[in-house]
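1. Structure, please.
(one chain, ligands or ions: 2)
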Amino acid sequence: MTRRIAVLGGGISGLTAAWNLASRGSAGALEVVLYEASSRVGGWMKTHTTSQGAVFECGPRSLRVTGHSAKTTMKLVSAIGLENEVLPVRSSSKAAQKRLIYTNRTGPVQLPSGPSWLFRTKPPFSKPLLGVVLRELMAKAGTGDESVFDFFSRRVGDEVTQYLVDPLCRGVYASSAKTLSVRSCFPQLVELESKYGSLVKGMLLDRLNKDATEVSALSQRAKDERWSVYTFRSGLQTLPDTLLTKIKERGVTVKMDQPCTELTFKDGKAMVKSGAEMEVFDNVVSTVSAKVLSQLLCGEQSQLSDDLSSIPCVTVGVVGLEYRAGDILPQDYREAFGYLVPSSESSRILGVVFDSASFPSQDRKDGPSTRLTVMMGGEWFDGLFGDPGSVREDTLSQIALEELNRQIGISAPPSFISTAILRDSIAQYAVGHSAKLDSISQRVSGLPLSLCGASYRGVSVNDCVHYAVEATNKIL
Ligand SMILES: Cc1cc2nc3c(=O)[nH]c(=O)nc-3n(C[C@H](O)[C@H](O)[C@H](O)COP(=O)(O)OP(=O)(O)OC[C@H]3O[C@@H](n4cnc5c(N)ncnc54)[C@H](O)[C@@H]3O)c2cc1C
Ligand SMILES: C=Cc1c2[nH]c(c1C)Cc1[nH]c(c(CCC(=O)O)c1C)Cc1[nH]c(c(C)c1CCC(=O)O)Cc1[nH]c(c(C)c1C=C)C2
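-> Ligands and ions are numbered 1, 2, ... in the order given. You can find the predicted model right below:
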């Protein structure tokens with residue numbers, strides 16, 4: 001008998017889920033229907049190409065090659081025939097090595113790299129970092145879920161946490177180290193602490209343990225050629241666009257502009273309502289955000305709905321800028337990845353990506369230019385700019401230009417500006433997140449419902465792909 005499976009959402013998680021079901025399920029055994037609320041696939045993955053050929057990413061701009069979930073993405077990239085479209089950044093390049101932080105006192109300075117940091121005092125730090133390493137080796141392990149800030153202050157002290165760890169939280173979760181749960185945001189580090197008693201010791205010893213994940217030709221190439229991150233020649237949207245074509249070829253029904261408006265369960269079946277239409281399925285894979293899913297469930301699942309609605313998301317403002325000069329950035333850090341601003345600094349922006357440094361081939365084709373992306377808001381969006389629904393895009397781009405002028409002295413007018421307010425775009429794994437996940441998985445266990453997507457176990461594209469494959473493998 002044919003099993004009917006609904007996938008809710010056509011972002012990278014939903015497309016991967018549909019692809020895995022359609023390519024691994026035996027012929028005729030599964031019927032897969034994907035519901036997408038909007039008129040395009042990709043979700044937050046969205047590329048805009050100007051008429052002069054410059055590529056601007058509205059959401060994600062590069063994918064990591066290290067870690068378990070990165071291998072799952074590279075396997076997918078190979079399986080759908082995109083190997084030749086990959087555009088890597090090598091680890092040896094300045095864009096991979098030079099990541100900067102900005103403080104009002106120092107301006108942009110390079111993040112620690114290499115042994116010289118151990119013995120010399122370099123800004124913004126007040127001492128050489130050798131003392132921090134020794135302290136880390138001796139620090140006591142913590143108990144229970146704690147904030148990223150508490151975990152690192154205990155292990156490496158407040159200064160390194162403030163200038164190194166907190167900016168990283170802003171550059172991945174758009175929020176502060178004080179809000180986020182270390183267990184949910186950096187589970188590998190908590191594991192190293194509990195296994196080895198020290199992160200430094202753990203990182204050194206763990207190198208000896210081989211990752212047993214099957215290595216695809218692409219991840220072998222990434223390893224041999226020492227890639228750091230990658231995108232695709234025409235931008236990241238190549239991935240969802242290609243997945244859409246491939247899932248259609250494999251018989252998946254894709255319902256565009258058809259949001260799921262209600263999800264109910266009866267007698268082991270799931271009923272998906274979209275407007276006036278209702279369809280019955282044997283399983284549903286939800287990849288929409290926890291907040292959206294909580295609104296689709298009706299009265300009988302009120303406790304599950306409450307748990308889901310307690311996983312928040314923040315809004316990020318993204319201002320893409322192009323300048324008609326190759327030397328708009330100061331010489332010292334022109335080739336860097338970009339800079340992040342710690343939460344302790346007064347700044348109306350989170351950080352700036354120097355896109356041209358990582359991917360110069362995506363610059364416009366008719367002469368020199370520089371592409372930058374200013375990221376704004378996150379946890380601080382409403383406090384700085386007001387209600388995301390009422391903020392004007394040109395207000396955000398004006399603030400971005402003012403901060404670029406104040407922070408790194410760029411006063412020239414850009415030749416192109418693209419501004420997007422991405423509402424509720426980055427899930428927040430606050431302290432207590434893992435307890436919420438336990439409660440959610442208990443409540444879901446009796447239902448024909450699988451959950452994946454950025455709300456639960458990783459916000460990166462790699463994690464979204466990895467957990468979509470894992471969730472659908474369980475159904476298969
Ligand atoms: C500014 C920004 C920068 C980022 N940078 C990076 C980066 O550099 N590298 C990286 O790895 N990650 C990055 N990320 C994170 C990553 O892009 C996202 O976490 C990931 O794309 C989420 O994918 P998803 O499919 O889980 O969810 P989404 O992209 O949110 O997809 C969900 C889909 O569901 C649809 N939908 C919503 N409601 C319904 C409904 N009722 N019925 C049907 N469909 C519905 C939506 O329209 C959407 O298409 C970034 C994110 C942002 C916002
Ligand atoms: C300033 C805001 C943001 C910038 N990027 C993001 C935000 C909120 C979102 C984001 N960036 C990355 C990821 C995926 C994480 C992963 O595990 O793969 C997400 C959700 C990638 C990333 N960006 C930075 C780091 C250190 C990472 C981790 C992976 C990697 O090493 O490449 C740093 C960084 N992000 C931004 C800037 C300006 C910046 C550093 C200079 C923008």
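2. Show residues contacting the lowest-mean-pLDDT helix or strand in the chain.
-> Ranked by mean pLDDT, DSSP states H and E, the weakest helix or strand in the chain is helix 116-119, scoring a mean of 86. Outside of helix 116-119, the residues within contact range by Cβ atoms under 8 Å, 6 or more residues apart in numbering are 122, 128-130, 133. The C-beta positions use only the backbone N, C-alpha and C, and glycine is treated the same way.
3. Give the ChimeraX command for selecting the buried subset of these.
-> Filtering the contacts of helix 116-119 down to the buried ones (16 or more other Cβ atoms under 10 Å) takes a single ChimeraX command:
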select :129
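4. Make JSON lines out of the contacts of helix 116-119 and add distance to residue 431 and secondary structure.
-> Putting those into JSON lines (distance: Cβ to Cβ, whole Å; DSSP: H, G, I helix; E, B strand; the rest coil) gives the following:
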{"residue": "122", "distance to residue 431": "32", "secondary structure": "coil"}
{"residue": "128", "distance to residue 431": "32", "secondary structure": "coil"}
{"residue": "129", "distance to residue 431": "27", "secondary structure": "coil"}
{"residue": "130", "distance to residue 431": "31", "secondary structure": "helix"}
{"residue": "133", "distance to residue 431": "27", "secondary structure": "helix"}
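5. Which member of the contacts of helix 116-119 is positioned nearest ligand 2?
-> Nearest to ligand 2 among these: residue 122, at 17.3 Å, using Cβ to the nearest ligand atom.
6. That closest one and residue 111 touch, don't they?
-> No - applying Cβ atoms under 8 Å as the test, residue 122 and residue 111 come out as separate, 10.2 Å apart.
7. Which residue lies closest in space to residue 335, excluding its sequence neighbours?
-> residue 94 (3.6 Å; Cβ to Cβ, 6 or more residues apart in numbering).
8. Could you report the separation of residue 395 from ligand 2?
-> Per Cβ to the nearest ligand atom, to the nearest Å, residue 395 is found 19 Å from ligand 2.
9. what residues are up against the nearest residue to that residue once chain neighbours are set aside?
-> Closest residue to residue 395 in three dimensions, ignoring its sequence neighbours and counting by Cβ to Cβ, 6+ apart: residue 385, at 7.1 Å. Counting by Cβ under 8 Å, 6+ apart, residue 385 touches 317, 376-377, 391, 395-396, 399.
10. Closest one of those to ligand 2?
-> Among those, residue 376 lies closest to ligand 2 (Cβ to the nearest ligand atom), at 8.3 Å.
11. quick revisit: list the buried residues for the least confident helix or strand of the chain?
-> For helix 116-119, by 16+ other Cβ under 10 Å, it's residue 117.
12. got the CA positions of it in CSV?
-> C-alpha atoms of helix 116-119 as CSV (Å, rounded to 0.1, in the frame of the first residue of the first chain):
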residue,chain,number,x,y,z
SER,A,116,52.1,34.8,19.1
TRP,A,117,48.8,35.7,20.9
LEU,A,118,49.9,33.4,23.8
PHE,A,119,52.9,35.6,24.6
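13. List, one by one, the residues from the stretch 201-350 of the chain near ligand 1.
-> Contacts of the stretch 201-350 of the chain with ligand 1, taken as Cβ under 6 Å from any ligand atom, map to 259-260, 287-289, 292, 316, 318.
14. need the strands for the stretch 301-450 of the chain, in chain order.
-> Per DSSP state E, counting those that start in this stretch, the stretch 301-450 of the chain carries strands over the ranges 313-323, 338-340, 351-353, 370-378, 416-427, 449-451.
15. Now the longest one: buried residues?
-> The reference is to strand 416-427. Buried, per 16+ other Cβ under 10 Å, within strand 416-427: 416-422, 425-427.
16. export those residues to TSV and tack on pLDDT?
-> TSV is the format used below for the buried residues of strand 416-427 (pLDDT from 0 to 100):
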residue	pLDDT
416	98
417	98
418	97
419	98
420	98
421	98
422	98
425	98
426	98
427	98
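17. how about those residues, which pair is most distant?
-> 416 and 427 (30.3 Å; Cβ to Cβ).
18. Around ligand 2, pick out the residues from this protein.
-> Close to ligand 2, as judged by Cβ under 6 Å from any ligand atom, the chain has residues 64, 99, 168, 170-172, 174, 229, 316, 337-340, 350-353, 375, 426, 459-460, 462.
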